[in-house]
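**Q** With the sequence up front, the predicted model follows.
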Amino acid sequence: MVEQIEQIEQRKTEFTIPLKTLIPIKFRRSEDHLILIASHAFWKERVCNAIFNKETLDITEMLDGRLSDLGHWLDSPQEHPHVSCLSSYHELKKRNTEFHIQAGRVAEYLNSKRYDAALRLTDQNSAFESASNAVIQTIFLLKKEFDRSIKNKSNHSS
């Protein structure tokens, strides 16, 4: 029994990402959009794993998109002005915030041990899934807009 409790506590620490250990995201090449997608997928997977494992999530952490790698990157536009000037960057910031609101809703149900309701909140037709898909679609828009801006810069310098 003690060993099981230790394993549960270990898993809880694996699912907790303190702000100080965020992975810095760089977006310098077109294919770097994959890093943004992976970052979002990791956060989404945290929520789904917590439901599956019947664990609790920090609602404040779920609601604050700046605490995810993607959200932290979006909250630091001065560090990447070549991307933060793009309209899709600002759209992505909105979409990420919307996703985190949905993740917070799931966490509320999960933390009150309403696992079936939390699971329904993440199903294929849910607001959570729609918000997640919107993040991914907007990342692809950012990639496309970034590619166009690079192409325009190279055309103007020729």
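**A** Now that the structure is in, tell me what you want to look at.

**Q** For the rest of this, base every contact and every neighbour count on C-alpha atoms.
**A** OK.

**Q** top helix in the protein by residue count?
**A** When the chain is parsed with DSSP state H, its longest helix is helix 127-157.

**Q** And that one, what does it pack against?
**A** helix 33-52, helix 87-111 (3 or more C-alpha pairs under 8 Å, 6 or more residues apart in numbering; DSSP states H and E).

**Q** Can you lay out these as a markdown table showing distance to G65?
**A** Below are those laid out as a markdown table (distance: least, C-alpha to C-alpha, whole Å):
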| stretch | distance to G65 |
| --- | --- |
| helix 33-52 | 10 |
| helix 87-111 | 6 |
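
**Q** quick one, which of the ones you listed is nearest to A117?
**A** Smallest distance to A117 across these (C-alpha to C-alpha): 6.5 Å, for helix 87-111.

**Q** outside of that closest one, which residues touch it?
**A** Around helix 87-111, the neighbours that count as contacts under C-alpha atoms under 8 Å, 6 or more residues apart in numbering are 44, 47, 50-51, 54-60, 62-65, 71, 74-75, 83-84, 115, 117-119, 121-122, 127-128, 131-132, 134-135, 138-139, 141-142, 145.

**Q** Lowest mean pLDDT across the helices and strands packed on helix 127-157, which one is that?
**A** Least confident of these, judged by mean pLDDT, is helix 33-52 with a mean of 90.
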